[in-house]
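Chemist: I'll drop the sequence and a predicted model, then ask my questions.
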There are 4 protein chains.
Amino acid sequence: MCRFVAYIGPPILADDLLYKPKFSLVTAQSLNAGEMSVTVNGDGFGIGWYAPQLDNEPCVFRSIKPAWSDGNLRNLARKISSPCVFAHVRAASPGLTVEEVNSHPFACGQLMFMHNGVLGGYKQIRRRLLRHLNDIAYDAIQGSTDSEHMFGLFLNHVKDPHGHVTCEEMVYAMGKMFEDLSTLLTEAEVRAHSYLNLAVTNGTSLIVVRYTTNPNVQPASLYYMHGREYHCRGEACMMEPTYGKPSAIVVASEPFTARRSDWMKVERNSMMVVDETMRIHFHHVQMDIEKLDFESIVTELG
Amino acid sequence: MCRFVAYIGPPILADDLLYKPKFSLVTAQSLNAGEMSVTVNGDGFGIGWYAPQLDNEPCVFRSIKPAWSDGNLRNLARKISSPCVFAHVRAASPGLTVEEVNSHPFACGQLMFMHNGVLGGYKQIRRRLLRHLNDIAYDAIQGSTDSEHMFGLFLNHVKDPHGHVTCEEMVYAMGKMFEDLSTLLTEAEVRAHSYLNLAVTNGTSLIVVRYTTNPNVQPASLYYMHGREYHCRGEACMMEPTYGKPSAIVVASEPFTARRSDWMKVERNSMMVVDETMRIHFHHVQMDIEKLDFESIVTELG
Amino acid sequence: MCRFVAYIGPPILADDLLYKPKFSLVTAQSLNAGEMSVTVNGDGFGIGWYAPQLDNEPCVFRSIKPAWSDGNLRNLARKISSPCVFAHVRAASPGLTVEEVNSHPFACGQLMFMHNGVLGGYKQIRRRLLRHLNDIAYDAIQGSTDSEHMFGLFLNHVKDPHGHVTCEEMVYAMGKMFEDLSTLLTEAEVRAHSYLNLAVTNGTSLIVVRYTTNPNVQPASLYYMHGREYHCRGEACMMEPTYGKPSAIVVASEPFTARRSDWMKVERNSMMVVDETMRIHFHHVQMDIEKLDFESIVTELG
Amino acid sequence: MCRFVAYIGPPILADDLLYKPKFSLVTAQSLNAGEMSVTVNGDGFGIGWYAPQLDNEPCVFRSIKPAWSDGNLRNLARKISSPCVFAHVRAASPGLTVEEVNSHPFACGQLMFMHNGVLGGYKQIRRRLLRHLNDIAYDAIQGSTDSEHMFGLFLNHVKDPHGHVTCEEMVYAMGKMFEDLSTLLTEAEVRAHSYLNLAVTNGTSLIVVRYTTNPNVQPASLYYMHGREYHCRGEACMMEPTYGKPSAIVVASEPFTARRSDWMKVERNSMMVVDETMRIHFHHVQMDIEKLDFESIVTELG
């Protein structure tokens, strides 16, 4: 499995998101994640962010090294100030190689995408999935992960991935991606469960999903907090509350600030949409594969 | 482009093949290849060899680093003693990433495969090529190079890539691979030329190909020498001549020993087969795409 | 901290030592060591072995990547058959960088050396330590770890590190190294405790040390088992017992075979010597720094 | 040898400095430098820059990979907008390892330092050099290059490397560094020549040196151009001229824009100082070692 963090709001320093918090992604969760069966996320990492003063496309820095010891990430985090940041530490699923192109987030045009979990039956459906894709979506896939192939399916429903993509279009593409997965998994009679915690952004709006096909267990954990402003004063990192509409939102696989009560769970099998005005909506996510006779043995969360 | 070396014969030290010769692959050709337009081969390397006293499958060590500065390769070369060695230094074609899975040689079961050159129109035919493959050949492809996709086509014509593969079967599969490429390039009306210097082995026999679709230029260089025994005495590396059937054969993109007259050219558009009794045969290689109207501009050798 | 394994005896396959056992160094201990406070050893790894049929110097393959996902190590382990193998997975001490030259084992001439633990006050004594060294010992240090600097001290007491070094000379040098450390730590009034589990070999004999300056805690764990032959049959790896003198010895930070009762502890603050006839001796190890007023806070095992 | 670029002036995009120019450091000079005997600079790279809106310390991103194929550098260059940028591609001197800590630029506090060339007799004087250093300068050295050890000597003459360092102090420290080198080389009776093209900055002023001890050859090439503003319009990169005091200065091992006449040579054995008001001064650099009897064979520029 993996752990990730997503932020959208007023520009913040990546350091405040990734290093300073008590249970931060890099210093704590990459080495010893609290809410996972597999606790080490040392198979590469990635960080992606936007610099809207320069252009609309994300900058992605990815590595095959563990995040906790990487000096470049340490240095960059102190200089990246951005209104939209994704970061991901990877624990590769068995059989998937550790290569730079397999590190999250994946980017195409204006979009970034990352995943925590596993797509059950990926090997069985991979070829059929690829056949669905138009050339742009196909060519966007550089690596071999289940995650990036789902991004391919997502891109397949975006009109022009290299142009401007609206929040609505992202919501639409995410829905279609789940429909396609549903069809592919049904056709291939896949019996392994999927765990799909996802995040996608165009730099100004954000979609996250917490989902599993498995009715008997909880999806992998996913939390969010929102407020007026996220900041660190000394060692204390927190979200400044607001009574009105939030202007800053953090989503994370695990709460990483000291005051755990600031964090809310993203509900089981739901999609959370933060549009460009920072309004938050929730949608139910469903795949029509519940009729399938799943393996009784729960897929090991990789 | 790239440079490669292949050896088959009595066990030799990799050091004698890769470091000691005057114009060796690692110390000379990786930094400054003599017979190429692109002279730097710094986009990763790989070495593969057999240890028949242990098993029949090759051991492959690949890296994204330049060969010339790699301490691990330096150390290993002094300890690898093998009757069949492949080594490759890569200059990535434009657009292809430098990842460990993209370094040659590629291995599957008992087989190893490597390529120097470029498959013209690869991007145009890639998807159709993959559709041809059975699941074993498809799953053997881990990276994104044109080279490994050709290996996939080759494996598609091998009955059981994970079992024993004879020399005859390799010759057959190589022929079929060229047939398939011919069909794919014709169907896609590819106009870019291909440069296909290839080597494949099962550990006891060896096939190399020197080929280009371009009638106006020579294929990339490819040489061989044979004799009783290849050895280095101090700095002097040479092939001991024999009047009978050779028992050792070296194939290389460029002559690397001091006495250049020991080296013979592999003829244009031909396949050289060294069977398990060390008998050498030559076959003509042809693709039925000569009728196509090729670009007048010669594809830059990547 | 780190974990290591050392083997000496009839040639064995590295795979049987590092991958096949139930709690093996690579598949289990690198990700989740049982007897450590820090359980992840993902800051690089190394393996060193001898090929006496070729020469007397070890071959060392080191990497900055976690061992558990490294395809090259996976491949090599199946082809390395050797009478003397060292392997090490690293958890870098705070402040020490993850670089290839900082991965263990360290080699010089015929010797290999590795360390699990931390040298308390290393930063305080480093410069003075280096001043003690002759040029050969000084030049042998390529990286910046406390471990390699201790190897430097050790080499300083070896007459000709690039020639043949006997078991007696290794025992002598190890004793002298402890004497020097004792002097250096006393002079610098170091108050931090040291944890020094060490292994050194010349390829035919083996010395391991389990030591700490801290009278209040146990040294890091260190076990050994010996017998006629170590082997894996299917998944079951074990040491074949013998009633006479052992001919095979395995030392490991943690027992890694299923039958834990086969393993014995190396005693606290002792040096275990396996000479070239496979005779085993134990020596007490002592540093004359007990009079120092150590910090009451136990040094965190890095 | 190596190649480097330094920029100071109004904020520019790293992309305009490193990728867009016709003979740019990354796309041209790293693979095929024009004015060097060794033409490949593939032994790692580094980029350092300041973000004065955040703090006064440089951000350094270094790698062991060749610059030309690095996707992260490609991405970062499009998002780094900075008033002071250093970039360096390395060709390691023989015997020096390729490690991240050995890639330039080196940073300490507010300062960055890089070197192109070789310090003759480095191995002979290294230990004595280190003995000169105070603890701060000593601890700043993380790697094993001659270059970083010279940075150590430089830092030894800076009052507080972790505080604010003025332009004057940098000029003073550079002079003292040359004095120290002079003494060290004389004492050790070094007969190998040195080639010392250097650059150091505090983010607001810049010092570069072009120097060799060898009276019979030119120092390695070093050029600069200055003007009102450096920019790229499409593919055309150039320095906008000014009749008054310049506000932008580029220094480079080789001219990289199309109009070569814009570039001036830094004179042999001189130091060029650009202070925080963008005033340019030149100083003569001299070492008192001319009396030494140098080797007649010119040191190969590594």
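Modeler: On my side now, so go ahead. Numbering: from 1, shown residues only, chains lettered A, B, ... in the order given.
Chemist: hang on, A:Phe154 packs against A:Phe113?
Modeler: Yes - counting by C-beta atoms under 8 Å, A:Phe113 is a contact partner of A:Phe154 at 6.6 Å. Using the backbone N, CA and C atoms, a C-beta is placed for each residue, glycine as well.
Chemist: now do the shared contacts for those two.
Modeler: Listed contacts common to A:Phe154 and A:Phe113 are A:Val200; contacts here mean C-beta atoms under 8 Å, 6 or more residues apart in numbering or on different chains.
Chemist: for the stretch 51-200 of chain A, which segments count as strands?
Modeler: Taking DSSP state E, counting those that start in this stretch as the criterion, the stretch 51-200 of chain A carries its strands at A:59-63, A:81-90, A:106-108, A:111-118, A:195-201.
Chemist: didn't A:Leu76 look like it was pressed against A:Leu13?
Modeler: No - between A:Leu76 and A:Leu13 there is no contact under C-beta under 8 Å: 10.7 Å.
Chemist: distance to chain D added to the strands of the stretch 51-200 of chain A, as TSV?
Modeler: TSV is the format used below for those (distance: least, C-beta to the nearest C-beta, whole Å):
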stretch	distance to chain D
strand A:59-63	4
strand A:81-90	6
strand A:106-108	9
strand A:111-118	12
strand A:195-201	16
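Chemist: and of those strands, who's closest to D:Ala140?
Modeler: strand A:59-63 (24.7 Å; C-beta to C-beta).
Chemist: for the closest one, list the C-alpha coordinates in CSV.
Modeler: Presented in CSV, the C-alpha positions along strand A:59-63 are these (Å, rounded to 0.1, in the frame of the first residue of the first chain):
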residue,chain,number,x,y,z
CYS,A,59,5.8,20.1,-11.7
VAL,A,60,6.5,16.5,-10.6
PHE,A,61,9.6,15.3,-8.8
ARG,A,62,9.7,11.5,-8.4
SER,A,63,12.3,9.1,-7.1
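Chemist: which elements pack onto that strand?
Modeler: For strand A:59-63, the packing partners by 3 or more C-beta pairs under 8 Å, 6 or more residues apart in numbering or on different chains; DSSP states H and E come out as strand A:45-49, helix A:71-77, helix D:71-77.
Chemist: out of these, indicate the one that is most buried.
Modeler: For the helices and strands packed on strand A:59-63, the largest average neighbour count (mean count of other C-beta atoms under 10 Å in any protein chain shown) is found in strand A:45-49, namely a mean of 28.
Chemist: what pairs with that strand, and is each one parallel or antiparallel?
Modeler: Sheet pairing of strand A:45-49 (DSSP bridges) gives strand A:59-63 (antiparallel), strand A:81-90 (antiparallel).
Chemist: among those, which is the most enclosed?
Modeler: Mean neighbour counts for the strands paired with strand A:45-49 (mean count of other C-beta under 10 Å) peak at strand A:81-90, with a mean of 26.
Chemist: got the angle for it vs strand A:195-201?
Modeler: If you take axes from the mean of the first three to the mean of the last three C-alpha atoms, to 10 degrees, strand A:81-90 sits at 160 degrees to strand A:195-201.
Chemist: from the chain's centre, how far out does strand A:81-90 sit?
Modeler: Averaging C-alpha positions (C-alpha atoms, centre = their mean, to the nearest Å) puts strand A:81-90 10 Å from its chain's average.
Chemist: check stretch A:217-229 too.
Modeler: 12 Å.
Chemist: tell me the residues of chain A that contact chain C?
Modeler: Counting by C-beta under 8 Å from any C-beta of the partner chain, chain A comes close to chain C at A:31-32, A:39-40, A:42-43, A:64-66, A:68-69, A:71, A:92, A:97-98.
Chemist: closest to C:Gly163 out of those?
Modeler: Taking C-beta to C-beta as the measure, C:Gly163 lies nearest A:Ser69 of the residues of chain A next to chain C, at 37.0 Å.
Chemist: excluding residues flanking it in the chain, which one is nearest the closest one?
Modeler: C:Val98 (4.5 Å; C-beta to C-beta, 6 or more residues apart in numbering or on different chains).
Chemist: looking at the residues of chain A next to chain C, which is nearest B:Thr27?
Modeler: Nearest to B:Thr27 out of the residues of chain A next to chain C is A:Ile64 (C-beta to C-beta; 27.4 Å).
Chemist: sorry, back to before: pretty sure the residue nearest to A:Ser69 contacts C:Asp43?
Modeler: Yes - between C:Val98 and C:Asp43 there is a contact under C-beta under 8 Å: 4.7 Å.
Chemist: need the residues touching each of the two.
Modeler: Common neighbours of C:Val98 and C:Asp43 (C-beta under 8 Å, 6+ apart) are A:Ser69, C:Ile64, C:Arg90, C:Ala92.
Chemist: ok, and the most crowded of those residues?
Modeler: Among the shared contacts of C:Val98 and C:Asp43, the one with the most neighbours (other C-beta atoms under 10 Å in any protein chain shown) is C:Arg90, at 32 neighbours.
Chemist: quick one on the thing from earlier: same list (the strands of the stretch 51-200 of chain A) but as a markdown table, adding mean pLDDT.
Modeler: What follows is those, written out as a markdown table (pLDDT from 0 to 100):
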| stretch | mean pLDDT |
| --- | --- |
| strand A:59-63 | 97 |
| strand A:81-90 | 96 |
| strand A:106-108 | 98 |
| strand A:111-118 | 97 |
| strand A:195-201 | 97 |
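Chemist: distance from stretch A:215-225 to the middle of the chain?
Modeler: The gap between where stretch A:215-225 is centred and where its chain is centred comes out at 13 Å by C-alpha atoms, centre = their mean.
Chemist: which residue packs closest to A:Ala220, ignoring adjacent ones?
Modeler: With C-beta to C-beta, 6+ apart as the criterion, A:Ala220 has its nearest non-adjacent residue at 5.0 Å, and that residue is A:Asn197.
Chemist: ok, now which ones touch the one you found?
Modeler: A:Phe4, A:His115, A:Asn116, A:Gly117, A:Val208, A:Val209, A:Arg210, A:Tyr211, A:Pro219, A:Ala220, A:Leu222, A:Ser253.
Chemist: chain D: which of the shared contacts of C:Val98 and C:Asp43 is nearest?
Modeler: Chain D has its nearest neighbour among these in C:Ile64, at 8.5 Å by C-beta to the nearest C-beta.
Chemist: any idea how many residues pack against the residue lying closest to the closest one once chain neighbours are set aside?
Modeler: Excluding its sequence neighbours, the residue lying closest to C:Ile64 (C-beta to C-beta, 6+ apart) is C:Gly44, at 4.5 Å. Using other C-beta under 10 Å, C:Gly44 is surrounded by 28 other residues.
Chemist: could you pull up phi and psi at C:Gly44?
Modeler: phi 100, psi 170 (degrees, to the nearest 10).
Chemist: if I pick it, what's in contact with it?
Modeler: Residues in contact with C:Gly44 (C-beta under 8 Å, 6+ apart) are C:62-66, C:89-90, C:92, C:98-100, C:102-103.
Chemist: if we go to 7 Å?
Modeler: Contacts of C:Gly44 were listed using C-beta atoms under 7 Å, 6 or more residues apart in numbering or on different chains, and they are C:Arg62, C:Ser63, C:Ile64, C:Lys65, C:Arg90, C:Val98, C:Asn102, C:Ser103.
Chemist: how about A:Phe151?
Modeler: A:Phe106, A:Phe113.
Chemist: and A:Phe4, how far from B:Lys79?
Modeler: Note on A:Phe4: its distance to B:Lys79, by C-beta to C-beta, to the nearest Å, is 42 Å.
Chemist: show me where pLDDT drops low in the stretch 1-150 of chain A?
Modeler: By pLDDT under 70, the weakly predicted segments of the stretch 1-150 of chain A are A:1, A:32-38.
Chemist: nope, the stretch 201-302 of chain A is what I meant
Modeler: For the stretch 201-302 of chain A, applying pLDDT under 70 flags the ranges A:289-302.
Chemist: for chain A, what lies in contact range of chain D?
Modeler: A:51, A:54, A:59-62, A:71-72, A:75-76, A:78-79, A:81, A:100 (C-beta under 7 Å from any C-beta of the partner chain).
Chemist: adding distance to B:Gly175, write those residues out as TSV.
Modeler: Formatted as TSV, the residues of chain A next to chain D follow (distance: C-beta to C-beta, whole Å):
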residue	distance to B:Gly175
A:Ala51	53
A:Leu54	53
A:Cys59	48
A:Val60	43
A:Phe61	46
A:Arg62	41
A:Gly71	52
A:Asn72	48
A:Asn75	54
A:Leu76	52
A:Arg78	59
A:Lys79	57
A:Ser81	59
A:Glu100	36
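Chemist: appreciated, that's everything.
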